[in-house]
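Peer 1: Mind folding the following:
(chains A and B)
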Amino acid sequence: MNRLLIETARRLIPSLSGRGWAWVFLFFLPLVGSAQVIFEARIDTLVLLIGEQRELTLDVTCDAKQKLKMPDFKPMQPLAPQVEIVDLLGTDTTLLDEGKRMQVLQRYSITAWDSTFVLLPPFEVEVDGQPYQSKQLALKVLTIPVDTVHVDQFFPNKDIQDNPFSWDDWKPVIWFLAINQLLALLLLWIYSRWRENKPLIRIIRRKAKLPAHQVAMTEIERIKSERAWTAEDSKEYYTQLTDTLRTYIKERFGFNATEMTSSEIIEHLLEVQDEQALAELRQLFTTADLVKFAKWTTLTGENDANLVNAIEFINQTKQEVDPNALT
Amino acid sequence: MEVPEEVKQSQKRSFVLKVVMGVIAAVAIVFLAYALYLAIDLIH
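Peer 2: Below is the predicted model:
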């Protein structure tokens, strides 16, 4: 096709010089090159040791639309006397020129079994049914050099060589055994839980602690609403009321009021409160002691008055909790 | 006779724990077998 184009140009422009023809050729080269099939066979070496494996590459570049048929060599298929295919290493296809052209590389491993000079016959591919041949490949096969000077010196076969110890080889084993140990421990723990009939996870919900004054007020409300207190059960009434107050004082002021007498409690409270503020509380405790220990009978309405005194004392001394404060 | 709720819970918990133990034991056996296989392969 190149020749045809050049001949056409020569007829049309007969006066062109040699350099002019070169320019004309270069001008038409892209048109010619786009349809060209390039086929090349190559080996990655010219010299091969007997039995050694090297790579043979068949490289075809053609248009992407063209139908390409590559040779199909099988393992152990001879290419020439004493030269044979070992295996197909792979076939790679690459699209070129934005998908217009394609390059196909087919790689084989080959070997030779005789020390000789071999000329591999041309390889053949078909593109759109038209055969294309590669160049012949020369290969020099060498044998193992023999020590001809010391022909009587023989060496026995070498022993099997041990591989050097490598922790990397043993890492998977160690990891699997370590995971196994963890699983065994987990199994033992679950087994013990199962034997004790206990759940694996115990959900503990922390109860928010109510402020002391809220607890005390709730308790006083309960005492108040429980029943109509009569003169006969005043002792029980005052026992519950003073117990509630003692618990509140213990929580609020931090001393063990539940284990103290009434006068001891008042003494402790005097350190933080004035006498005036504690007068009603002192009255309440005195009445309670008389009812509890001296069979004192309270007057009508006195119980309610003492209840109100207790509520007032709590309200006066209560400590509000900051809702934003961390618990 | 109706089975109490606590007994039901206990039976359910026992069943779940047995299943969990079975799964863990199976995984542990597979891991151990594979570790032994690798070790024997390396020794030979």
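
Peer 1: and A:Ser192, what element?
Peer 2: helix A:167-195 (DSSP states H and E).

Peer 1: Run the chain-centre distance for that helix.
Peer 2: 21 Å (CA atoms, centre = their mean, to the nearest Å).

Peer 1: Each with direction, which strands does the helix or strand in which A:Arg42 is found pair with?
Peer 2: Assessed by DSSP H and E, A:Arg42 sits inside strand A:38-43. Applying DSSP bridges to the sheet, strand A:38-43 is found paired with strand A:53-63 (antiparallel).

Peer 1: so what does the helix or strand just after the partner strand touch, helix or strand wise?
Peer 2: Downstream of strand A:53-63, the first helix or strand assigned by DSSP H and E is strand A:68-69. Packing contacts for strand A:68-69, counted by 3 or more CB pairs under 8 Å, 6 or more residues apart in numbering or on different chains; DSSP states H and E, involve strand A:124-127. C-beta coordinates here come from the backbone N, C-alpha and C atoms, glycine included.

Peer 1: Buried ones in the strand it packs on, by neighbour count?
Peer 2: Of all the residues in strand A:124-127, those buried under the rule 16 or more other CB atoms under 10 Å in any protein chain shown are A:125-127.

Peer 1: would you turn those into TSV with pLDDT and distance to chain B?
Peer 2: As requested, these are exported to TSV (pLDDT from 0 to 100; distance: CB to the nearest CB, whole Å):
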residue	pLDDT	distance to chain B
A:Val125	94	44
A:Glu126	94	48
A:Val127	93	49
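
Peer 1: out of those residues, which one sits closest to B:Leu36?
Peer 2: Of all these, B:Leu36 sits closest to A:Val125, with 52.4 Å by CB to CB.

Peer 1: near chain B, which residues of the stretch 51-200 of chain A show up?
Peer 2: A:169-170, A:172-173, A:176-177, A:179-180, A:183-184, A:186-187, A:190-191, A:193-194, A:197, A:199-200 (CB under 8 Å from any CB of the partner chain).

Peer 1: need the buried residues of strand A:124-127 in JSON lines with distance to A:Ile160, can you?
Peer 2: Conversion of the buried residues of strand A:124-127 to JSON lines gives the following (distance: CB to CB, whole Å):
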{"residue": "A:Val125", "distance to A:Ile160": "45"}
{"residue": "A:Glu126", "distance to A:Ile160": "49"}
{"residue": "A:Val127", "distance to A:Ile160": "51"}
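
Peer 1: thinking again about what came up before, check which helices and strands the helix holding A:Ser192 is in contact with.
Peer 2: helix B:5-43.

Peer 1: Helix A:167-195 and the helix it packs on, what's the angle between them?
Peer 2: Angle between the axes of helix B:5-43 and helix A:167-195 is 160 degrees (criterion: axes from the mean of the first three to the mean of the last three CA atoms, to 10 degrees).

Peer 1: thinking again about what came up before, going by neighbour count, list what's buried in the helix holding A:Ser192.
Peer 2: Applying 16+ other CB under 10 Å to helix A:167-195 flags A:173, A:176-177, A:180, A:183, A:187, A:190, A:193-194 as buried.

Peer 1: average pLDDT for that helix?
Peer 2: For helix A:167-195, mean pLDDT is 93.

Peer 1: Need the phi and psi values for A:Pro81.
Peer 2: Main-chain torsions, A:Pro81, degrees, to the nearest 10: phi -60, psi 130.

Peer 1: got the contact list for the closest residue to chain B within the stretch 151-300 of chain A?
Peer 2: Scanning the stretch 151-300 of chain A for the residue nearest chain B gives A:Phe176, at 3.6 Å (criterion: CB to the nearest CB). Contacts for A:Phe176 (CB atoms under 8 Å, 6 or more residues apart in numbering or on different chains) come out as B:31-32, B:34-35, B:38.

Peer 1: for A:Gln66, what are its contacts?
Peer 2: A:Gln66 touches A:37, A:127-128, counting by CB under 8 Å, 6+ apart.

Peer 1: Quick one: those as TSV, columns for distance to A:Pro121 too.
Peer 2: Below are the contacts of A:Gln66 laid out as TSV (distance: CB to CB, whole Å):
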residue	distance to A:Pro121
A:Val37	20
A:Val127	19
A:Asp128	23
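
Peer 1: Can you pull the poorly scored residue ranges out of the chain?
Peer 2: Went with chain A since none was named. A:1-35, A:227-232, A:300, A:321-327 (pLDDT under 70).

Peer 1: Chain B is the one I meant
Peer 2: Using pLDDT under 70, chain B drops low at B:1.

Peer 1: Around chain A, pick out the residues from it.
Peer 2: Residues of chain B lying near chain A (CB under 8 Å from any CB): B:10, B:13-14, B:17-18, B:20-21, B:24-25, B:27-28, B:31-32, B:34-35, B:38-39, B:42.

Peer 1: Repeat the analysis, applying 7 Å as the threshold.
Peer 2: Residues of chain B that fall close to chain A, judged by CB under 7 Å from any CB of the partner chain: B:10, B:13-14, B:17, B:20-21, B:24-25, B:27-28, B:31-32, B:34-35, B:38-39, B:42.

Peer 1: A:Gln103: which element?
Peer 2: strand A:101-112.
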